[in-house]
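[1] fold the stuff below for me.
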Amino acid sequence: MSDLLTYSLTVFMGFFAIMNPIANTPIFMGLVEGESKNSKKQIAKTASITAFIIVVSFTILGKYIFELFGITIPAFKITGGILIFYVGFEMLMSKKSKIHNNQDHEDKSSLAISPLAIPILAGPGTIVTAMNYTTNATYTHVGVVIAGFGIMITLTYITFLLSDWIIEKVGRNLISVIGKLMGLILAIIGTQMITEGISLTFK
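    Reported below is the predicted structural model:
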């Protein structure tokens, strides 16, 4: 039971680090600037549901995708680790990741899907994290990953709805600090995935 609890906390923290709803709040506000309150709510809802469907699909079908393309677990862990490390490194360097963010999108009617749902919420880093936790996992572990992401996407949705209040109370400087801390955690997670992949390769 304690192992499952530890696994659940690890999954949640992994998703929290890669998605970081607090740090994504200014991004959301920038994308929906000028929209009405009801429009902002609908955009946040659509983006959250879309991201959930995408990540859950990869979580459940991840093993079949591996078999279809002949991808090995060590290769996946090394590549995924490099990707996550790169996102974390850019966050530490106060850069907006080209993998994780894309704010040049001007079509307000579809911004809920892109770039908000993809790649900000359900970007490569998020998908890699979900699939990494379910490689060689039991059905219970897969359920934990889906539940963990469900909780994370719900928190993100709530954060987006409260975005104006959060920016006012927390301040942009503190949000920047939180982003750097999440970047450090991501870099560590990425390094761990790389070392695990190398270890599995030479077993």
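[2] so where's the protein uncertain?
    Scanning the chain for pLDDT under 70 picks out the ranges 1, 94-109, 172.
[3] and the helices in it, which stretches?
    With DSSP state H, the ranges of helices along the chain come out as 2-19, 21-31, 37-69, 73-92, 124-134, 139-161, 163-170, 172-201.
[4] of those helices, which is nearest Ser114?
    Of all these, helix 37-69 sits nearest to Ser114, with 9.3 Å by CB to CB. Any C-beta I mention is one placed from the backbone N, CA and C, and that applies to glycine too.
[5] which secondary structure elements does that closest one sit against?
    helix 124-134, helix 139-161 (3 or more CB pairs under 8 Å, 6 or more residues apart in numbering; DSSP states H and E).
[6] thinking again about what came up before, out of the helices of the chain, deepest packed?
    A comparison of the helices of the chain by mean neighbour count, using mean count of other CB atoms under 10 Å, puts helix 124-134 on top with a mean of 24.
[7] quick one: residues contacting the closest residue to Gln42 other than its chain neighbours.
    Distances taken as CB to CB, 6 or more residues apart in numbering place Ala112 nearest to Gln42, at 7.5 Å, with adjacent residues excluded. Counting by CB atoms under 8 Å, 6 or more residues apart in numbering, Ala112 touches Gln42, Ile43, Ala44, Thr46, Ala47, Thr50.
[8] out of those residues, which is nearest to Phe76?
    For these, the nearest to Phe76 is Thr50 (24.2 Å; CB to CB).
[9] just checking, that closest one touches Ile113?
    Yes - using CB atoms under 8 Å, Thr50 is in contact with Ile113, at 5.8 Å.
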